[in-house]
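Asks: build me a structure from this.
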Amino acid sequence: MVLSAQSFTCGTVMPRNHIETLSEISRANPVDRLHRKVSIVAHIVRDSLWVPSHSESSIISAINNLNTLFEPIALSFEVCQFRYIDNYNFHDLVYEEEEPEMLANYNEPNVINMYFVNSISIYNMPAGGYAGNIIVIAILGAIPHEMGHYLGLVHTFQNGGGLVNSPDCTADGDGICDTEADPYYPLIPMDGCNIAEDLVDANGDYYVPPTDNIMSYYGCACKFTQGQYNAMAAYFLAVRNNLW
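Replies: Modelled structure (predicted):
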């Protein structure tokens, strides 16, 4: 079952040294299952006519799908509160102009602040969602992908996608050793969820990109790898352990 169709552009940008940081965190916090439930405050922005960007029922359904995805590490999410934002300026959010005011007025401590808006523009580029210390969503299908970022993951095509036979897989590509090399580019030919051409990495080795990985951009997203789960669990313990 496809839980997160990647028919959107992600606006999340990770720091340059994030791969090295994630590798260090993963080594310091080895864990298989977290046995934790954390709270989400869902901030829903309404337009000038008080029409919400998303319905409560659609958000609950999306979070239920998220819980299915994160069961392998026993991490679950619950919307503890819906809050409505009646400042229509945030309905079509311009990140660089409006995000600071939005967060200053509405953020809550020790929970996942998830903002639901109609559209997102980041430096004149549209995005379906993005994540940092908060998650902002325009397209509900972006939630698993952005939660992956919130828990430390980068795109599978980070740093050019990596090598098939890397001398150090923790420092190459996305820094996760069991995700395949991924050279993602928008015009890569596809046959459904399959790559329609032979691809080779910088060393001339053939490979098949992870078209079904939630942190990829191929539109067939349905899973995380075990390495990604392990990295997210470690990141949770190191960075997000203050969540209720």
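
Asks: please save the CA atoms from stretch 202-217 in CSV.
Replies: Provided in CSV are the C-alpha atoms of stretch 202-217 (Å, rounded to 0.1, in the frame of the first residue of the first chain):
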residue,chain,number,x,y,z
ALA,A,202,30.3,7.7,-10.8
ASN,A,203,32.4,4.5,-10.7
GLY,A,204,30.6,2.8,-13.5
ASP,A,205,28.6,0.4,-11.3
TYR,A,206,25.0,-0.4,-12.3
TYR,A,207,22.3,0.1,-9.7
VAL,A,208,18.5,0.5,-9.3
PRO,A,209,17.4,3.6,-7.3
PRO,A,210,15.0,3.2,-4.4
THR,A,211,11.8,4.3,-6.1
ASP,A,212,9.6,3.0,-3.3
ASN,A,213,11.5,4.8,-0.5
ILE,A,214,9.6,7.5,1.4
MET,A,215,12.7,9.8,1.3
SER,A,216,13.0,9.6,-2.5
TYR,A,217,11.2,11.6,-5.1
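
Asks: list the buried residues of it.
Replies: 207, 209-211, 213-217 (16 or more other C-beta atoms under 10 Å). All C-beta atoms are positioned from the backbone trio N, CA, C, and that covers glycine.

Asks: adding secondary structure, pLDDT and distance to Asn65, write those residues out as CSV.
Replies: Converted to CSV, the buried residues of stretch 202-217 look like this (DSSP: H, G, I helix; E, B strand; the rest coil; pLDDT from 0 to 100; distance: C-beta to C-beta, whole Å):
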residue, secondary structure, pLDDT, distance to Asn65
Tyr207, strand, 84, 29
Pro209, coil, 85, 24
Pro210, coil, 84, 20
Thr211, coil, 91, 19
Asn213, strand, 95, 16
Ile214, coil, 97, 11
Met215, coil, 95, 16
Ser216, coil, 93, 18
Tyr217, coil, 90, 19
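
Asks: closest to Asp86 among those?
Replies: Of all these, Ile214 has the smallest distance to Asp86: 32.8 Å, by C-beta to C-beta.

Asks: before we move on, the earlier item: most widely separated two among the buried residues of stretch 202-217?
Replies: Taking C-beta to C-beta as the measure, the buried residues of stretch 202-217 span a maximum distance of 19.0 Å, between Tyr207 and Ile214.

Asks: what sits against Pro52?
Replies: Each residue near Pro52 by C-beta atoms under 8 Å, 6 or more residues apart in numbering is listed here: 44-46, 84, 116.

Asks: Ala238 too?
Replies: Counted by C-beta under 8 Å, 6+ apart, Ala238 has contacts 25, 28-29.

Asks: report the buried members of those.
Replies: 25, 29.

Asks: tally of neighbours for the closest residue in space to Tyr184 that isn't next to it in sequence?
Replies: Residue nearest to Tyr184 in three dimensions, not counting chain neighbours: Phe157, with 3.8 Å by C-beta to C-beta, 6 or more residues apart in numbering. Phe157: 22 surrounding residues under other C-beta atoms under 10 Å.

Asks: ok, Phe157 touching Glu180?
Replies: No: Phe157 is beyond contact range of Glu180, at 10.7 Å (criterion: C-beta atoms under 8 Å).

Asks: in the host helix or strand of Pro126, what counts as buried?
Replies: Applying DSSP states H and E as the criterion places Pro126 in strand 125-127. By neighbour count on 16+ other C-beta under 10 Å, the buried set for strand 125-127 is Ala127.
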